[in-house]
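# Can you look at this prediction? I've put the sequence above it.
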Amino acid sequence: MTANEDQEMELEALRSIYEGDECFKEISPVSFQFRVGELEDSKAFILDITWPETYPETAPQISLEAFFNNRISAETKQLILAKLEEQVEANLGAAMMYTLFEWAKENQETLMENHKSIVTAVTLTSNSEVSEPATAAKKKEKKEQLTKAQKRRMINKTDHKGELPRGWNWVDVIKHLSKTGGKDED
């Protein structure tokens, strides 16, 4: 079998296995994205995989450069790529996409165990906070600042005394009964 026939067979298999799966996305017949983990999961990541012409005899190109992965540190990305390369080496010459995707799903916790979101990992501190921690604790919490538009909306909702008008939170009885279907008393 030629490399192209192998690729076509694997592509058909991937399409049938992952049909309707939101984690799998076919970008082109030789390029795919696979999300490992749920969207809300902080340890989720996306694998970008592209097949060279000679795949599966040669390794696919695996990348973690998707925008979704920006919060993952470079060290964690290197670890994931190194572990995936080991899996690729073990499966060279055979269809390996399903094996790689499933392996990544099963080992997500291990791959991401050292993951700390870049946003929380980089904490900026000023010199005054470091040198005087006691005064920082004494500082009052800042009152939430409202934008002009928020202030205007608040004023428009209230009367001249700053109170909400009578019945501002009442339910429209007719609309409510039409939705809930009031009981008829016979």
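Structure's in. What do you need?

# Need the mean per-residue confidence for the top helix by length along the chain.
Ordering each helix of the chain by length in residues (DSSP state H) puts helix 74-91 first. What helix 74-91 shows for mean pLDDT is 85.

# Please apply the same query to stretch 44-62.
On average, stretch 44-62 scores 85.

# First-to-last residue distance for that stretch?
Length of stretch 44-62, first residue to last, CA to CA, to the nearest Å: 16 Å.

# Buried residues of it, list them for me.
For stretch 44-62, a neighbour-count test (16 or more other CB atoms under 10 Å) marks 44-49, 51, 55-56, 59-60, 62 as buried. All C-beta atoms are positioned from the backbone trio N, CA, C, and that covers glycine.

# Farthest-apart pair in the residues you listed, please.
Ala44 and Pro56 (26.7 Å; CB to CB).

# possible to save the buried residues of stretch 44-62 as a markdown table with distance to Gln145?
As requested, the buried residues of stretch 44-62 are exported to a markdown table (distance: CB to CB, whole Å):
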| residue | distance to Gln145 |
| --- | --- |
| Ala44 | 34 |
| Phe45 | 36 |
| Ile46 | 37 |
| Leu47 | 42 |
| Asp48 | 41 |
| Ile49 | 47 |
| Trp51 | 53 |
| Tyr55 | 56 |
| Pro56 | 58 |
| Ala59 | 54 |
| Pro60 | 51 |
| Ile62 | 46 |
